[in-house]
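> build me a model from this:
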Amino acid sequence: QVQLVESGGGLVQSGGSLRLSCAASGFAFSTAAMRWYRQRPGKGRELVASITSISNSVTYAESVKGRFTISRDNAKNTMYLQMSSLNPEDTAVYYCMRPKLGTPDDWGQGTQVTVSS
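As a prediction, this is how the structure comes out:
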């Protein structure tokens, strides 16, 4: 079955960096568009970044542009989110997601990122 497993979260000081990973299995990862979402305390989930399957075209939320970089390694079936210049407003649970048409999207279990001031 489909599995998306995030890792790499943790506690970091303001201004620091983290790299999140999303290991995918159970589907043709190289042909799938992928996304990172986050849910900040008391807020709904918001789209952080997305990457297409073939052209690797990327998009970012305005709040993370210039600080976060989404990438993928199709040979490893893994997507990444390199986060730098972190600030306390980046504190959230980060999820990877595979969007699908006509059926529920696939979600990982999330990884906690906490940025201390």
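
> only C-alpha atoms for contact and neighbour calcs from this point on.
Will do.

> is residue 89 in a helix, a strand, or coil?
Using DSSP: H, G, I helix; E, B strand; the rest coil, the three-state assignment for residue 89 comes out as helix.

> give me the most central residue, the chain.
The chain has residue 36 as the residue nearest its centroid, 2.9 Å off, counting by CA atoms, centre = their mean.

> that one and residue 80: what is the separation?
As judged by CA to CA, to the nearest Å, residue 36 and residue 80 stand 9 Å apart.

> and what of residue 11?
In terms of CA to CA, residue 11 sits 18 Å off from residue 80.

> comparing those two, which residue is more hemmed in?
residue 80 (21 against 13; other CA atoms under 10 Å).

> bridged to the more buried one, which residues?
Residues in a beta bridge with residue 80, per DSSP bridges, are residue 21, residue 71.

> surely it meets residue 68?
No: using CA atoms under 8 Å, residue 80 is not in contact with residue 68; the gap is 10.1 Å.

> re earlier: please name the nearest non-neighbouring residue to the residue nearest to the centre of the chain.
residue 96 (4.6 Å; CA to CA, 6 or more residues apart in numbering).
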